[in-house]
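**Q** After the sequence you'll find the predicted model.
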Number of protein chains: 2
Amino acid sequence: MVTKAANIQEVKCPVTGMLQLIGGKWKPIILYCLRSETRRFGEISARIPILSRKVLTEQLKELERDGLVIREQFNEIPPRVEYTLTELGKSLTPVLNEMEKWGMENIIAKR
Amino acid sequence: MVTKAANIQEVKCPVTGMLQLIGGKWKPIILYCLRSETRRFGEISARIPILSRKVLTEQLKELERDGLVIREQFNEIPPRVEYTLTELGKSLTPVLNEMEKWGMENIIAKR
DNA sequence: GTAACAGGTTACCTATTGGTAACTGAGAAA
DNA sequence: TTTCTCAGTTACCAATAGGTAACCTGTTAC
């Protein structure tokens, strides 16, 4: 009988644990997009056009909940919302850099 | 109007391109499991018990199709099947290492 | 004669993901 | 007066992911 890990606390494998935080289809791309600078919601959306705004909202909420990004809302008209990586989010930079490098060498360079 | 990238050829972002190959919920874990050595199907399954064998089969097929692993079948009774990383699969090692390191430092070490 | 072995496949079902379209808010521009 | 702005929210629907259980192969051990 297979016993499932009920939540992240129980996972012993570092890669599995990590994937529970950023394993979504979109999260690495969003983090990659925020890697160098603070960005507004609309900016992120424009940079990842294949991602619907509804899903982007959901993913950003989860990233905020998990302590990887900070959401700052300015009470202006029209509204402005900015997203920035936290220290934990920034600590993912080496991972994202390796992913970028691999993608460059093995996908982008091959066409 | 949003135009979707119909397939991997059209993607310009290296991270997006990479995620189309290994972006599944399980693929990084499977590759991580194969990182150091050739393993039999049952071994992989035992090491990732929360993953059903049906899904493992599917994921391995996709990884083989995408040129990341090699499947070797021995016509013995009972059958034996071994999976090994290809050169392309091995080239992911730095990414997997960074993921492991981050998971160790930021998830495993915090309990 | 039937159960176990390894590595699946298949049928069937549910859960999760993700899409579109319509709507919200206050102010500013036409 | 209507429309536009930005950053969502909501309702609803479709597609995908993933689960369980039963079955397959041919040989060997009980």
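**A** That came in fine, so what should we check first?
**Q** How many residues are close by residue A:76?
**A** Neighbourhood size, residue A:76 [other C-beta atoms under 10 Å in any protein chain shown]: 7. Using the backbone N, CA and C atoms, a C-beta is placed for each residue, glycine as well.
**Q** Tell me how far residue A:17 lies from DNA strand D.
**A** Computed as C-beta to the nearest atom of the strand, to the nearest Å, the residue A:17 to DNA strand D distance reads 16 Å.
**Q** what about that residue, how many neighbours?
**A** Residues within reach of residue A:17, counting by other C-beta under 10 Å, total 25.
**Q** so what's the backbone phi/psi at it?
**A** Backbone torsions for residue A:17, taken as degrees, to the nearest 10, come to phi -60, psi -40.
**Q** Quick check, it in contact with residue B:103.
**A** Yes: counting by C-beta atoms under 8 Å, residue A:17 does reach residue B:103; the two are 4.9 Å apart.
**Q** does any bit of the lowest-mean-pLDDT helix or strand in chain A sit next to DNA strand C?
**A** For chain A, using mean pLDDT, DSSP states H and E, the weakest element among its helices and strands is helix A:14-22, scoring a mean of 90. No: judged by C-beta under 7 Å from any atom of the strand, helix A:14-22 stays clear of DNA strand C, getting no closer than 10.4 Å.
**Q** what about the residue of chain A found nearest DNA strand D, distance to residue A:53?
**A** The minimum distance from chain A to DNA strand D, using C-beta to the nearest atom of the strand, falls at residue A:42 (2.7 Å). Residue A:42 sits 9 Å away from residue A:53, going by C-beta to C-beta, to the nearest Å.
**Q** Name the surrounding residues that touch stretch A:33-44.
**A** A:30, A:47-48, A:53, A:56-57, A:60, A:69, A:80-85, A:89, A:93, A:96 (C-beta atoms under 8 Å, 6 or more residues apart in numbering or on different chains).
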